[in-house]
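Student: would you be able to build a 3D model of this:
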Amino acid sequence: MTDHLTLMGGLSVLHLRFTVEAESPVYFDAQPGSALRGALYTYMRRHYCSEASGFAGENHQQECPVCWLLALEDEERMRGRNLPRPLTLQPPAPGEYARGARFTFGVTLIGRAQRLMIYLLRAGGQIGRIGVGKGRGTFRLIDIAEYSPLLDTARSLQQDQSVWRTTLHVDAPRIEECAGMGTPDRVTLHLLTPMRLIADKTRQRSVNPVTLSQRLIERCQDLVTYYGEGEPPAREAWIAAAGALRTHAETVRIAYDETEWVEAWSGSRRQDHLTPIGGLTGVVRFEGEGVAALRPWLLWGQSLHVGKDAVKGNGWYRVLA
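Tutor: Prediction:
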């Protein structure tokens, strides 16, 4: 059983896309998502966190929109107490953006995090005043749109001083519809940001379909469990689905691999050191009879990301065919 319609039925995803214009030169290094995540967190904590000084009460993480989005923990979680965040970033390309140049970045809200959209809309429009990247380059907001990677279409949400109601959510029925349109025994992925996959405590230097499928379904399980609507599926159902998906993935081979490892680092003022967040980027194609079973989960993955540091923009890919 790998029925995503049942397991993922309580989850939907909203993609927001911000178009901005540089007011002073903006420079992003190899991991722009890390800089954007830091800017968002700094702005939101400063303006919306009631315990920004660090003296948080017992229920603070559940009540504070900033901590719920970016710092939620669970002491009883089997895979570590730090939960996957219900938010991912789609960063612009690394490099320098001269004054007047326009670029885009995305913020994806997962499940119940969509209720906090207004905080992200405000923060996304304001972080340009603080400055981001090396030299703290500034930018101004041009437009906010919602975007569907399934349809490859966008719709502006701005109307004078108000915001249109969102309509381009990614959910299980839409995933199912798009999955049925793909070639049943072949799929191509474009890894847009570093994908850092771990198996047996070792980072993977190629996109192994078995490892990818297992990390992906684990991520889906966590996101549905903590951020989905309604009662989450039983753990046993996820275990059965992961086993079935692994069996399908074992029939899939890598037919084309033009990926490379990109080194990237994330700095932490709190921990005062750099953390490696590099991973694989490029294009890889899978072929085999198990592709049809993997495809719905791969489509979920292009919205949810996969691997380490998704909240900083890592693990973002597109399903090309």
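Student: wait, a helix at Trp297?
Tutor: Yes. Residue state for Trp297 (DSSP: H, G, I helix; E, B strand; the rest coil) corresponds to a helix.
Student: what's the burial count for the residue nearest to it when sequence neighbours are not counted?
Tutor: What sits nearest to Trp297 in space, not counting adjacent residues and going by C-beta to C-beta, 6 or more residues apart in numbering, is Leu216, at 5.4 Å. Every C-beta, even on glycine, is put in place using the N, C-alpha and C of the backbone. By other C-beta atoms under 10 Å, the residues close to Leu216 number 24.
Student: would you mind writing the CA trace of the helix or strand where Leu216 lies as PDB?
Tutor: Using DSSP states H and E, Leu216 maps to helix 209-227. Written as PDB, here are the backbone C-alpha positions of helix 209-227 (Å, rounded to 0.1, in the frame of the first residue of the first chain):
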ATOM      1  CA  PRO A 209      15.800   6.100  -5.400                       C
ATOM      2  CA  VAL A 210      15.400   4.000  -2.300                       C
ATOM      3  CA  THR A 211      17.000   6.500   0.000                       C
ATOM      4  CA  LEU A 212      15.000   9.300  -1.600                       C
ATOM      5  CA  SER A 213      11.700   7.500  -1.200                       C
ATOM      6  CA  GLN A 214      12.300   6.700   2.400                       C
ATOM      7  CA  ARG A 215      13.400  10.200   3.400                       C
ATOM      8  CA  LEU A 216      10.400  11.600   1.500                       C
ATOM      9  CA  ILE A 217       7.800   9.400   3.100                       C
ATOM     10  CA  GLU A 218       9.300  10.000   6.600                       C
ATOM     11  CA  ARG A 219       9.000  13.700   6.000                       C
ATOM     12  CA  CYS A 220       5.400  13.400   4.800                       C
ATOM     13  CA  GLN A 221       4.500  11.400   7.900                       C
ATOM     14  CA  ASP A 222       6.000  14.000  10.200                       C
ATOM     15  CA  LEU A 223       4.300  16.900   8.400                       C
ATOM     16  CA  VAL A 224       0.900  15.200   8.300                       C
ATOM     17  CA  THR A 225       1.200  14.200  12.000                       C
ATOM     18  CA  TYR A 226       2.100  17.600  13.400                       C
ATOM     19  CA  TYR A 227       0.500  20.000  10.900                       C
END
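Student: ok so Gln126 is a strand residue?
Tutor: No. The assignment for Gln126 by three-state DSSP gives helix, which leaves it out of any strand.
Student: do you know how far it is from Glu231?
Tutor: 37 Å (C-beta to C-beta, to the nearest Å).
Student: which one of the two has more residues nearby?
Tutor: Between Gln126 and Glu231, counted using other C-beta under 10 Å, the more crowded position is Gln126 (15 against 7).
Student: pretty sure that one contacts Tyr43?
Tutor: Yes. Between Gln126 and Tyr43 a contact is recorded at 5.9 Å, counting by C-beta atoms under 8 Å.
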